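Student: take this sequence and fold it.
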Amino acid sequence: MSQPQLSPPEYDSPGGLIAGSVIMWIVSTLCVGLRFYSKRWKRQGYIMADWLILVAAVFATGMTVMEIYGVKEQALGYPLGASIEDPKAVNGRLNKAKHIELSFLLLGIATLGLIKLSVCFLFWHLFARVVFRRFLMVWIALIVVWTLSFVLAGLLECGSHLKALFGQPQAYLDHCGSAIPTGYAMVGSDVATDFITLLIPIPVIFSMKMDRRTRFLTLLTFMIGALSVGASIAKAYIYIKASLGLWTSDAISMLTGLSIWNLAEVHIGIVAACGPTLRPILARILPTESILSLMSLLGVSSNTSKQNELPSFVKMPDADSVEQLQPGVEKVGSKGADGPRGVRQYEMESWNDAESERRGPNRV
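Tutor: Sure, this is the predicted structure:
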């Protein structure tokens, strides 16, 4: 039986793959570095969201190294000339590509889970409403279950016949029949969880008492998360396209596409997760006065009255007013709170005074 004619190879530029991987790593690492520098500059303590994104950045670095290693070993980026379902295609180069892809799958799911959890814990520290935090507790638990479930599904997609992944196509079909449906469930739920996480802060922001300019800037900052949704949609498209073209796509090209888009989703997710925390430092670096003048010309209010300040449920009390807390409420900065320096007085406070700090030493 003759094999179907292959479609033209894609992702066959080794230099472009390496350059793209390195550039994405530099950008995401820079965002994480600026996030930690911003906390140090504002004299704020580190919270759970910061450590989770740092671990995600370490995992993303490992994935970047694997991508470059795969290209150097010609396991990625060099078309094989046969589809993954062709028995003649099974060789050392294809098996190495499959090993890399399996590592990408497992490490990628774990990294995406860490990114989603980091964003959820950031929301936890920014918004102190009881009802909102109850929802976040449920959502965080669901993200943990999502991450663990699909990591285990990736490990057990062939049951006890893990070697079937690297053997003849017929062995894969015999023992790994649930792999593709599980993949569909993974990419679909990935897009859904990203989208829901993006929408979580919107109702709270609209309920705040702030002028239009402040609300617009706050929403714009959180909407950076749309980048992550876009990346997850792109990866889902690539996965579905690859699974439907098992007989017509070049094996190495297909695995390369999956790996590079998995890597892109992780790095873009890190950038999106760091976005809301970078406004204070970026306001100090970028020409914010020109941007605000442009917004004023467009009709967006630039009123800087008291209404600009965020509500009290977001701005936690400072050290001088801690003693005025209601009985039974844990003091910020006390043992068991978020740190010895009251770190729950967080970036939302910084957003209101970032521009003023450009003109003087006024501190939170």
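Student: distance from stretch 91-102 to the middle of the chain?
Tutor: Remark: stretch 91-102 is offset 26 Å from the chain centroid, using CA atoms, centre = their mean, to the nearest Å.
Student: could you do stretch 190-198 as well?
Tutor: 11 Å.
Student: just the helices in the stretch 151-300 of the chain please.
Tutor: 169-175, 179-199, 202-206, 212-222, 226-244, 251-274, 279-285, 288-297 (DSSP state H, counting those that start in this stretch).
Student: dump the third one to PDB, restricted to CA.
Tutor: Coordinates of each C-alpha in helix 202-206 appear next as PDB, following Å, rounded to 0.1, in the frame of the first residue of the first chain:
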ATOM      1  CA  ILE A 202     -13.200  42.300  35.500                       C
ATOM      2  CA  PRO A 203     -16.400  42.300  37.700                       C
ATOM      3  CA  VAL A 204     -14.300  43.400  40.700                       C
ATOM      4  CA  ILE A 205     -12.700  46.300  38.700                       C
ATOM      5  CA  PHE A 206     -16.000  47.500  37.500                       C
END
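Student: what's that helix packed up against?
Tutor: helix 212-222 (3 or more CB pairs under 8 Å, 6 or more residues apart in numbering; DSSP states H and E). (Each C-beta comes from the backbone N, C-alpha and C, glycine too.)
Student: winner for burial among the helices of the stretch 151-300 of the chain?
Tutor: helix 251-274 (a mean of 25; mean count of other CB atoms under 10 Å).
Student: taking helix 212-222 as reference, get the angle to that one.
Tutor: Orientation check (axes from the mean of the first three to the mean of the last three CA atoms, to 10 degrees): helix 251-274 against helix 212-222 gives 150 degrees.
Student: tell me what helix 251-274 is packed against?
Tutor: Checking 3+ CB pairs under 8 Å, 6+ apart, helix 251-274 ends up next to helix 14-41, helix 48-72, helix 92-126, helix 226-244.
Student: any idea of the mean pLDDT in it?
Tutor: Averaged across helix 251-274, pLDDT comes to 91.
Student: what's the angle from it to helix 14-41?
Tutor: Going by the same axes, to 10 degrees, helix 251-274 makes 20 degrees with helix 14-41.
Student: how far is helix 251-274 from where the chain is centred?
Tutor: 11 Å.
Student: dump that helix to PDB, restricted to CA.
Tutor: C-alpha atoms of helix 251-274 as PDB (Å, rounded to 0.1, in the frame of the first residue of the first chain):
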ATOM      1  CA  ALA A 251       6.900  13.500  11.200                       C
ATOM      2  CA  ILE A 252       9.700  15.900  12.300                       C
ATOM      3  CA  SER A 253       7.900  19.000  11.000                       C
ATOM      4  CA  MET A 254       4.800  18.000  13.000                       C
ATOM      5  CA  LEU A 255       6.700  17.400  16.200                       C
ATOM      6  CA  THR A 256       8.700  20.600  15.800                       C
ATOM      7  CA  GLY A 257       5.500  22.600  15.300                       C
ATOM      8  CA  LEU A 258       4.000  21.200  18.500                       C
ATOM      9  CA  SER A 259       7.200  21.800  20.500                       C
ATOM     10  CA  ILE A 260       7.800  25.400  19.400                       C
ATOM     11  CA  TRP A 261       4.100  26.400  19.900                       C
ATOM     12  CA  ASN A 262       4.200  24.800  23.300                       C
ATOM     13  CA  LEU A 263       7.300  26.800  24.100                       C
ATOM     14  CA  ALA A 264       5.700  30.000  22.800                       C
ATOM     15  CA  GLU A 265       2.600  29.500  25.000                       C
ATOM     16  CA  VAL A 266       4.700  29.100  28.100                       C
ATOM     17  CA  HIS A 267       6.800  32.100  27.500                       C
ATOM     18  CA  ILE A 268       3.900  34.300  26.500                       C
ATOM     19  CA  GLY A 269       2.000  33.100  29.600                       C
ATOM     20  CA  ILE A 270       4.900  34.200  31.800                       C
ATOM     21  CA  VAL A 271       4.900  37.600  30.200                       C
ATOM     22  CA  ALA A 272       1.200  38.000  30.600                       C
ATOM     23  CA  ALA A 273       1.300  36.800  34.200                       C
ATOM     24  CA  CYS A 274       4.000  39.400  35.000                       C
END
